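With the sequence up front, the predicted model follows.
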Amino acid sequence: MSGTKASIGVVTSRDLDPENVFLGYRVLSNNAVTDRSQITGNNLIWREDGSVIRGHIEIEVPNAGIVHCFAGYAGKAQHHSYIVDPDNHQNARRSSYELFDKNLDHLNEILNRQPGKGARSDDFEAAISWLMWMLGFSPAMLGATPLLKEAPDIIATTPNGHYAVVECTMGLLKADNKLPKVVSRANQIRDQLAKSGSPGLTVLPVMVTSLSKSDIEAELPQAAAHGVYVITREGIEVLSRRPLSSLIQNGFLMKRLKPSRQQAQVFLDDKPSICSPVCSPRRKIRLRKFAKSLKRMVGPEGLEPPTKRL
């Protein structure tokens, strides 16, 4: 996409009939859908490319618009994705951030550092807070100063006031007692909110690690048993590709935090409880609802990239 022109397309095997291919799209601008259409294979411009064929078409879009594309075959959608103008997107937070970090190069360099090779934990914590800010959260980074050594690394709020209490690590979840600390600190904040007249706000403990899911597999059941939402390297990679539009991040997150029976499902493997047995039913629903919204942002179990979902 460039300016008011967007080229959308589909790639498929040469063995498939192009006439059965379709390409749907909807255009989003200023928090609203401004156009939608479905294009049949007969109306796409096709070319051969080795063992595949590529079909494309150019469409008109508003400046800084977002195009949500759907590719399908024989009447069934197979894949979807969003495309934006890389030089002109709708997320004001990212636009202002990129004045000083073009294309998120420094952010991604910090997030991709391997543990133990000159990587600094405070840099990692800062990068996670920057990313959360671009995603629509309001984060406060507390753990960077020794004066607040008993505080969590990050406290973040969503647009409608719910809380994420975040501990970051470049190692295992149990390193430096991070896992029990995030549970304790989330409980402290929850109790303080209740005392201050805000008992209805959700407080979710979150662990972010630079290790992959396979590296911490043995620790996940313990985290789930204590209601801790875990984001690994796979989830970070997905989130780092997300801050394109305030419409997608802020509006989507607020929508996902609305009560629904589906959002009250347990977030990890649909088995362990997200809350200890002493939690009230109402608190369990609020915590599960919040975790569900984060799960949809970073993928199944909060650990792997989604394939066909935002």
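That came through fine.

which residues of this structure score low on pLDDT?
For the chain, the stretches flagged by pLDDT under 70 are 88-90, 116-119, 241-310.

show me where it has helices.
Assigned by DSSP state H, the helices in the chain fall at 92-97, 105-111, 121-134, 178-195, 220-225, 233-240, 246, 252-256, 281-298.

Quickly note the distance from the residue nearest to Asn103 when sequence neighbours are not counted to Arg94.
Excluding its sequence neighbours, the residue lying closest to Asn103 (Cβ to Cβ, 6 or more residues apart in numbering) is Pro86, at 7.8 Å. Bear in mind the C-beta positions are built from the backbone N, C-alpha and C, glycine included. According to Cβ to Cβ, to the nearest Å, Pro86 stands 11 Å off from Arg94.

neighbour count winner among the two?
Neighbours were counted for Pro86 and for Arg94 using other Cβ atoms under 10 Å; Arg94 has more, 20 against 11.

Isn't that one up against Met134?
Yes. Using Cβ atoms under 8 Å, Arg94 is in contact with Met134, at 4.9 Å.

ok, how many other residues are close to Gly200?
Residues near Gly200, counting by other Cβ under 10 Å, number 12.

Distance of it relative to Ser184?
Distance, Gly200 to Ser184, by Cβ to Cβ: 22 Å.

can you check Glu58 too?
56 Å.

Neighbour count: these two, which is higher?
Ser184 (16 against 11).

Okay, and the beta partners of Ile8?
Assessed by DSSP bridges, Ile8 has beta-bridge partners Ile57.

ok, it to Phe70 distance?
For Ile8 relative to Phe70 (Cβ to Cβ), the value is 10 Å.

With Asp191 instead?
46 Å.

Between these two, which is the more surrounded one?
More neighbours surround Phe70 than the other of Asp191 and Phe70, with 18 against 12 (other Cβ under 10 Å).

Confirm for me that Ala71 is in contact with Leu16.
No. Assessed by Cβ under 8 Å, Ala71 is found out of contact with Leu16, at 11.8 Å.

The two: which has the busier surroundings?
Each of Ala71 and Leu16 has its neighbours counted (other Cβ under 10 Å); Ala71 has more, 20 against 14.

Quick one: residues contacting the residue lying closest to the more buried one once chain neighbours are set aside.
Among residues not flanking Ala71 along the chain, Val10 sits closest, at 4.4 Å (Cβ to Cβ, 6+ apart). Residues near Val10 by Cβ atoms under 8 Å, 6 or more residues apart in numbering: 21, 23, 44, 54-56, 71.
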